[in-house]
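how would this look folded up:
(one chain, ligands or ions: 2)
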Amino acid sequence: MEKRKIIMDVDTGSDDAMALVMAMLDERFDLLGITAVNGNVEVKLTTMNSLRVVECCDKQDEVKVYKGCDLPIASTLMPWGPQATQMPGFTNPLPHREGTREQSIQVHTDHLPLPVPKIKEEPESAVVFLIKTLLAAEDGEITLVPVGPLTNIAIAMRADPRIIPKIKEIMIMGGGHDVNNSSPAAEFNIWVDPEALEIVLQSGCKITLVPLDATHKCFMTVEESERIRAIGTKPAILIADLVKQRATGYAQMDAEMKALNGAPLHDALAVCALVIPEVLKNVVHVNCHVDISKGIAYGQTIIDQRIRVNPTPKNCYFAFDADKDIFVKWMIDVLEKDKAKRGL
Ligand code: BDR
Ligand code: CA
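Ligands and ions are numbered 1, 2, ... in the order given. Coordinates of the predicted model:
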């Protein structure tokens with residue numbers, strides 16, 4: 001079986017942690033490296049959390065972690081993190097992410113509930129790793145899976161555009177059409193660094209956006225996560241713990257999730273879509289651009305839905321829906337297979 005070569009670009013983060021577990025344990029992937037970026041928490045913490053997940057999956061001899069950009073390309077809206085508050089001219093005039101750091105902390109903690117990692121990140125920066133790895137690859141060989149703000153990927157593309165033809169496709173968790181979470185118009189990953197997604201959308205690569213519209217259909221309940229906990233391996237227990245943590249956080253801000261006693265696991269859905277494309281439903285080839293005008297809609301993913309004789313060129317696939325049953329089954333199957341493989 002030929003494995004799909006991927007690089008995970010993450011802001012770990014509870015759902016990033018689950019995405020990483022699945023990318024490491026699903027045997028259909030050859031995970032070439034993990035690049036961390038500023039997002040859910042500051043980059044030194046997203047890097048450290050990624051190292052924790054690598055150790056939790058016992059992959060420290062195979063999978064390396066690279067620390068990436070600590071600030072977005074142009075935006076200064078990040079509402080938390082010492083790097084943001086220390087920035088000269090930091091302003092946040094717009095309505096932003098629902099709730100406060102205190103509320104959000106229940107969905108993403110600074111430190112994942114895992115031991116301090118023994119391993120360290122690589123000395124090279126994430127952007128250098130991306131450029132070197134892609135330049136050494138054949139055309140169309142490597143798939144990128146950004147599930148945080150797209151800063152690392154956009155800067156790598158700008159620094160050396162020769163990497164662009166090397167990319168097979170880019171599966172992005174980000175954006176929203178009818179569902180948003182960081183401003184009335186924008187989803188978090190894109191809201192943090194709107195210019196970065198716009199650069200990536202203009203690259204000409206094959207791009208799929210897995211937006212909140214899809215991820216909110218693929219929530220997991222605490223009850224379902226208990227089936228995962230019962231598998232009993234370290235990664236399975238981590239996932240169950242994180243679902244519980246996320247469900248507690250979502251219960252404070254989302255009446256629907258409170259009633260369901262669950263939470264969306266956004267980033268893991270993007271990983272699933274690479275091995276089981278049918279998990280995404282109502283995937284439409286669209287023209288999509290990001291609002292970078294720094295107004296009320298800064299960071300909005302805008303789809304051109306005008307009826308026209310000469311439509312604007314389509315530049316990405318946008319998933320409006322997803323299949324929860326396929327998603328939950330995938331997680332259970334991969335985790336059980338990993339257990340069997342390790343003879344546990
Ligand atoms: C996205 O934002 C982050 O908080 C999550 O990790 C996910 O990538 C969802 O809007
Ligand atoms: Ca993320």
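
how close does the residue nearest to residue 49 when sequence neighbours are not counted sit to residue 54?
The shortest distance from residue 49 to any residue other than its chain neighbours is 4.0 Å, reached at residue 12 (C-beta to C-beta, 6 or more residues apart in numbering). Quick note: C-beta positions are derived from backbone N, CA and C, even for glycine. From residue 12 across to residue 54, the span is 10 Å (C-beta to C-beta, to the nearest Å).

Equivalent analysis for residue 280, please.
Computed with C-beta to C-beta, the distance linking residue 280 and residue 54 is 27 Å.

The two: which is more packed in?
Set side by side, residue 280 and residue 54 show more neighbours around residue 280, with 26 against 23, by other C-beta atoms under 10 Å.

For residue 337, see how far away the more buried one is.
Summarising the geometry, the distance separating residue 280 from residue 337, computed by C-beta to C-beta, is 22 Å.

Ok, residue 171 next?
Taking C-beta to C-beta as the measure, residue 171 falls 22 Å from residue 337.

Kindly report the same for residue 61.
Spatial separation of residue 61 from residue 337 under the definition C-beta to C-beta is 20 Å.

and residue 184, which of the three is it?
Here residue 184 is recorded as coil under DSSP: H, G, I helix; E, B strand; the rest coil.

Touching, it and residue 296? I think so.
Yes: shown here, residue 184 and residue 296 form a contact pair, counting by C-beta atoms under 8 Å, at 7.2 Å.

Now list whatever residues contact both of residue 12 and residue 54.
Residues touching both residue 12 and residue 54 (C-beta atoms under 8 Å, 6 or more residues apart in numbering): residue 20.

quick one, strands of this protein?
In chain order, the chain shows strands spanning 4-10, 29-36, 65-67, 142-146, 167-173, 207-210, 219-221, 262-264, 280-286, 288-290, 301-303, 316-322, with DSSP state E as the criterion.

which one is the residue in the stretch 1-150 of the chain positioned nearest to ligand 1 nearest to, not counting chain neighbours?
Distance from ligand 1 to each residue of the stretch 1-150 of the chain (C-beta to the nearest ligand atom) is smallest for residue 13, at 4.2 Å. With C-beta to C-beta, 6+ apart as the measure, residue 40 is the residue that lies nearest to residue 13, at 3.8 Å, once sequence neighbours are left out.

I figured the one you found was touching residue 50, is that so?
No: between residue 40 and residue 50 no contact is recorded; they are 11.4 Å apart, counting by C-beta under 8 Å.

Show me whatever sits in contact with both of those two.
Both residue 40 and residue 50 are in contact with 12, 16, where contact means C-beta under 8 Å, 6+ apart.

what number of residues lie near the residue nearest to residue 208 when sequence neighbours are not counted?
Nearest residue to residue 208, sequence neighbours excluded (C-beta to C-beta, 6+ apart): residue 317, at 4.4 Å. Residue 317 is flanked by 19 other residues according to other C-beta under 10 Å.

Just list the residues touching residue 317, thanks.
Taking C-beta under 8 Å, 6+ apart as the definition of contact, the neighbours of residue 317 are 207-209, 283-286.

redo that, cut-off 10 Å
Remark: with contacts taken as C-beta atoms under 10 Å, 6 or more residues apart in numbering, residue 317 is in contact with 169, 171, 206-210, 273, 280, 283-286, 288.

Residue 64 now?
Residues touching residue 64, when contacts are defined by C-beta under 10 Å, 6+ apart, comprise 31-35, 51, 54, 119-122, 124, 129.

Apply 8 Å and report the result again.
For residue 64, the contact set (C-beta under 8 Å, 6+ apart) comprises 33-34, 121-122.

From the centroid of this structure, which residue is nearest?
For the chain, the residue whose C-alpha lies nearest the mean C-alpha position (C-alpha atoms, centre = their mean) is residue 147; its distance is 1.6 Å.

In space, what's closest to residue 10 - neighbours in sequence excluded?
If you skip the residues right next to it in sequence, residue 10 has residue 16 as its closest partner in space, 4.2 Å away by C-beta to C-beta, 6+ apart.

what do you get for residue 165?
Beyond its immediate neighbours in the sequence, the residue positioned closest to residue 165 (C-beta to C-beta, 6+ apart) is residue 139, lying 4.9 Å away.

Could you report the neighbour count for the closest residue in space to residue 323 that isn't next to it in sequence?
In space, not counting the residues next to it along the chain, residue 323 is nearest to residue 279; the distance is 5.4 Å by C-beta to C-beta, 6+ apart. Residue 279: 25 surrounding residues under other C-beta under 10 Å.
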